[in-house]
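# The amino acid sequence is not available; the structure is as follows:
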């Protein structure tokens, strides 16, 4: 696994502290070999349990740019109280499967199916909820496998920019909803 270069910024890191970038997350343990690691984070003025509950809603919608990644349907603005707790094997955002769940703390996803793997390669994504002085921090870590050739490094950089746009929107939307705002 390759982390972004020390001190690197966009597109590899967005709003994450140096400590959050350096931290090891559960998703990091699933990645072997060369690749790219992106870290995005947002402050949430709500209890960690509320932010975690909104991560559970990722099973029904992506909470990013709905026109692009939700077939134009608006991601729900209320929690789905009928959903059971997140569990290993759950489908999340249509293209991922939960491979590890530490309730209230971390959710680890891996792309599922051949279509996503053919386009993006092996992808591992982790979401961590960490208590903070005024609520919590929601940290997302995105891993792309490979990246040892010039062409794959170029592809990873392009995907990092695309992920930055989508993940930034997703994290901001989840934070606003956890705070009781309509994003």
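Ah, there it is. None of these values were measured; they are calculated from a predicted model.
# how much space is there between the residue nearest to residue 132 when sequence neighbours are not counted and residue 129?
Leaving aside its chain neighbours, residue 132 sits nearest to residue 43 (6.5 Å; criterion: Cβ to Cβ, 6 or more residues apart in numbering). All C-beta spots, glycine's among them, are computed from the backbone N, C-alpha and C. Counting by Cβ to Cβ, to the nearest Å, the gap from residue 43 to residue 129 is 12 Å.
# Identify the contacts common to the two.
Here residue 43 and residue 129 have 136-137 as joint contacts, going by Cβ atoms under 8 Å, 6 or more residues apart in numbering.
# and residue 102, how many neighbours?
Residue 102 has 12 neighbouring residues, counting by other Cβ atoms under 10 Å.
# ok, now which ones touch the residue lying closest to it once chain neighbours are set aside?
Nearest residue to residue 102, sequence neighbours excluded (Cβ to Cβ, 6+ apart): residue 26, at 6.5 Å. Taking Cβ under 8 Å, 6+ apart, we find residue 26 in contact with 100, 102, 106, 108, 126, 128.
# Out of the residues you listed, list just those in strands.
Among the contacts of residue 26, the residues falling in strands (DSSP state E) are 100, 102, 106, 108, 126, 128.
# which among those end up buried?
The neighbour count (16 or more other Cβ atoms under 10 Å) marks 100, 106, 108, 126, 128 as buried among those.
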